[in-house]
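>>> sequence and computational prediction follow.
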Amino acid sequence: MEDQIKIDTIDDYIGQFPPETQERLEVLRNTIRDAAPDAAEKISWRMPTFTLNGNLVHFAAHKNHIGLYPGPDAIEAFADKLTGFESSKGAIQLPNSKPLPLELVREIVMFRVSENKK
């Protein structure tokens, strides 16, 4: 589906998905925006991206989850809170079958903001 639609904005990105996925993506986007109100939005690597003194976080919809990409330092810093999630060096999978962990997302984004301001 993505290859057929030109993706220039986060609205374009979100708009290509079914309504239930769009809703989850908007909630995630708003949570990130609230945690990093000075961050700019853009598309980078064909993913919604928030930047503030460099990349803060990316996110992307997948078949069974939303990927949140805060980078390896955030994954390491929040390892104890990520035990219920699949994660890798720089990514966290937020399963579509569970509510979004919005407070955890907020904490991770605020951590990334403080990292990028250093």
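That came through fine. Residues are numbered from 1 along each chain as shown.
>>> quick check: longest strand of this structure.
Using DSSP state E, we find that the single longest strand of the chain is strand 55-61.
>>> what ranges do the helices span in the chain?
10-15, 19-35, 72-77, 102-117 (DSSP state H).
>>> chain neighbours aside, what residue packs nearest to Phe17?
Ala61 (5.5 Å; CB to CB, 6 or more residues apart in numbering). Glycine gets a C-beta too; all of them are placed from N, C-alpha and C.
>>> distance of that neighbour from Asp80?
Separation of Ala61 from Asp80 (CB to CB, to the nearest Å) stands at 27 Å.
>>> try Asp8
38 Å.
>>> neighbour count: these two, which is higher?
Taking neighbours as other CB atoms under 10 Å, Asp8 and Asp80 compare with Asp8 leading, 10 against 6.
>>> where's that one relative to Ile108, distance?
Distance from Asp8 to Ile108, by CB to CB: 26 Å.
>>> not counting sequence-adjacent ones, nearest residue to Arg112?
In this structure, Arg112 finds its nearest non-sequential neighbour in Leu56, 4.6 Å apart by CB to CB, 6+ apart.
>>> tell me, how many residues neighbour that neighbour?
Neighbour count for Leu56, taken as other CB under 10 Å: 26.
>>> go on, Leu25?
By the criterion of other CB under 10 Å, Leu25 has 21 neighbours.
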